[in-house]
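*Asks:* kindly return the folded structure for what I paste below:
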Amino acid sequence: MSPTISANRSGKRWAVALLAALLAMAFLWVQPPASASAEETDDGQEVTEFYFAGVITFEDEPVEGVVMTIDGGGFEGETETDAEGKWRLYVPEKDTYKITVDEDTLPDGVIVDAAQLPEGTQPIAGTTASFEVEFGLTGTKILNLFLGEGERITVSFADQLLSRLVGGLNFGLLLALASMGAALIYGTTRLSNFAHAEMVTWGGLVALVTTSFWHLPLWLGIAAAVIGGGLFGWAMDAGLWRPLRRRGLGVVQLMIVSIGLSLALRYVFQYFIGGGTRQLPGSSPEPIQFGPISLSYIDLIAMGVSIVVILGVAWFLTRTRIGKATRAISDNPQLAAASGIDVDRVIRIVWILAGVLAAISGILWAYFRPGVKWDMGVQMLLLIFAAITLGGLGTAFGALVGSLIVGIAVEVSTLWIPSDLKYASALVVLIVILLVRPQGLLGRKERLG
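*Replies:* Below you'll find the model as predicted:
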């Protein structure tokens with residue numbers, strides 16, 4: 001072997017070794033060191049850039065050892081005040097949270113003075129120890145709490161149950177609007193539309209853009225959201241679902257397309273409005289007490305609107321020609337087509353109606369949560385499917401009954417389980433009922449034809 005060839009090979013080996021060393025150094029450089037893991041406080045909180053903080057005092061003296069908890073958006077945290085009465089609660093993102101002061105850790109005969117809560121802090125009716133808080137323009141919020149002498153408010157189990165039942169009815173009615181639209185789509189097309197969640201989000205987004213960004217009156221924003229919901233449903237069917245139906249795609253293929261469409265729309269929404277939560281005008285108003293029941297005027301309007309719209313849908317399905325055709329297609333699309341019904345036209349109307357119902361539900365959901373967020377519809381999606389399955393697949397009235405059961409089960413379950421697990425209770429109810437009646441409450445064991 002010549003010296004030249006040997007030298008070339010040796011040079012190549014050195015070049016390869018040098019390149020490998022550089023790549024290894026680059027890899028180590030981009031990897032976070034073991035010591036750079038998330039920093040934690042002494043009480044086990046993960047330090048983030050978003051936090052609530054303040055001081056608790058009584059008669060101008062700091063109070064030590066007061067336990068405070070925070071929850072919201074699936075997150076929970078806890079801390080206690082130090083010798084100077086200071087506390088700090090870190091959260092993962094800017095959102096609306098509930099802070100609760102453990103009254104058992106307060107001095108005897110002392111409560112939180114609700115009259116001195118900071119601006120933007122909403123006390124929760126029935127107690128002085130819990131209140132809703134949200135961030136301002138920055139990622140920090142200072143909440144100095146002042147204690148005062150007073151009587152601690154306790155609510156009996158019966159009063160709590162009655163309050164939860166009314167709250168569950170409110171939630172069930174707004175859930176029914178979205179569920180009935182999704183049930184009509186399934187009944188006429190056999191499509192389990194996962195993108196229905198984004199149709200709900202769309203209603204809240206249009207209302208937010210028209211009122212908060214364009215500064216139009218609220219009534220005009222709601223009207224725009226309702227019209228926009230109908231147009232959104234029409235566009236989805238005309239631009240995507242009808243062409244796919246004509247190509248003869250199966251139910252499973254269409255469902256997979258709807259999952260992809262759901263993901264695409266969700267992140268488009270996030271791109272345009274960001275990942276934070278934005279409030280519609282008039283959100284979180286002062287509650288009105290009806291005995292043990294606490295409702296705001298928005299809750300009363302929401303329940304009234306839901307009932308009127310549901311009655312309108314019932315009239316449409318039972319009294320109009322298009323409504324009867326919709327039910328006929330749901331029972332047997334081939335027989336309906338053979339009898340002269342324009343199936344494509346009816347399905348198009350169903351998509352428009354479903355879009356309108358989803359938009360109204362999205363607006364009410366934005367006030368119930370409260371707030372508009374890019375993925376707010378996804379939080380309802382599993383409950384929508386649970387309500388449809390519980391009531392009986394393909395029947396709008398079954399979806400209504402299922403929604404009311406799910407809504408009440410979700411709210412009442414918080415009497416026994418943590419609030420973050422309340423949506424799981426709806427699935428437990430679903431499983432129990434389907435074990436007894438697999439076809440759902442208003443479903444049939446089989447369809448003719």
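
*Asks:* return stretch 56-70 as PDB; C-alpha atoms alone will do.
*Replies:* What follows is stretch 56-70 as a C-alpha-only set of coordinates in PDB (Å, rounded to 0.1, in the frame of the first residue of the first chain):
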ATOM      1  CA  ILE A  56     -52.800  37.700  54.300                       C
ATOM      2  CA  THR A  57     -53.200  40.000  57.200                       C
ATOM      3  CA  PHE A  58     -55.500  40.400  60.200                       C
ATOM      4  CA  GLU A  59     -55.600  43.700  62.000                       C
ATOM      5  CA  ASP A  60     -52.600  44.800  60.000                       C
ATOM      6  CA  GLU A  61     -50.600  41.800  61.300                       C
ATOM      7  CA  PRO A  62     -49.400  38.900  59.000                       C
ATOM      8  CA  VAL A  63     -51.100  35.500  59.500                       C
ATOM      9  CA  GLU A  64     -48.800  32.500  59.200                       C
ATOM     10  CA  GLY A  65     -49.800  28.900  58.200                       C
ATOM     11  CA  VAL A  66     -52.900  29.700  56.200                       C
ATOM     12  CA  VAL A  67     -53.400  26.900  53.600                       C
ATOM     13  CA  MET A  68     -54.500  28.000  50.100                       C
ATOM     14  CA  THR A  69     -55.400  25.900  47.100                       C
ATOM     15  CA  ILE A  70     -55.900  26.800  43.400                       C
END
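
*Asks:* name the element the spatially closest residue to G181 that is not a sequence neighbour belongs to?
*Replies:* Once flanking residues are discounted, G181 sits nearest to A354: 3.2 Å by Cβ to Cβ, 6 or more residues apart in numbering. C-beta here means a position set from N, CA and C on the backbone, and glycine is covered the same way. Here A354 sits within helix 343-368, counting by DSSP states H and E.

*Asks:* contact partners for the residue nearest to G181?
*Replies:* G181, A182, L184, I185, H196, M199, G233 (Cβ atoms under 8 Å, 6 or more residues apart in numbering).

*Asks:* what is the neighbour count of the fifth one?
*Replies:* Other residues within reach of H196 by the criterion other Cβ atoms under 10 Å amount to 31.

*Asks:* okay, now the residue nearest to it when sequence neighbours are not counted: neighbour count?
*Replies:* Spatially, and ignoring its direct neighbours in sequence, H196 is nearest to A182 (4.7 Å; Cβ to Cβ, 6+ apart). Residues lying near A182 (other Cβ under 10 Å) number 27.

*Asks:* helix or strand next in line after the helix or strand where A182 lies, which one?
*Replies:* Using DSSP H and E, A182 sits in helix 157-189. Later in the chain than helix 157-189, the nearest helix or strand by DSSP H and E is helix 196-208.

*Asks:* elements contacting that next one?
*Replies:* helix 157-189, helix 218-236, helix 251-273, helix 343-368, helix 378-391 (3 or more Cβ pairs under 8 Å, 6 or more residues apart in numbering; DSSP states H and E).

*Asks:* any idea of the mean pLDDT for the longest one?
*Replies:* Helix 157-189 carries an average pLDDT of 91.

*Asks:* could you tell me the angle between it and helix 251-273?
*Replies:* 120 degrees (axes from the mean of the first three to the mean of the last three Cα atoms, to 10 degrees).

*Asks:* low pLDDT regions in this protein?
*Replies:* Residue ranges of the chain with pLDDT under 70: 1-38, 114-115, 118-128, 149-155, 420, 444-449.

*Asks:* just give me the residue right at the centre of it.
*Replies:* Q379 (3.4 Å; Cα atoms, centre = their mean).

*Asks:* that older thread, wait, the residue nearest to H196 sits on I388?
*Replies:* Yes. At 6.0 Å, A182 counts as touching I388 under the criterion of Cβ atoms under 8 Å.

*Asks:* alright, calling it a day.
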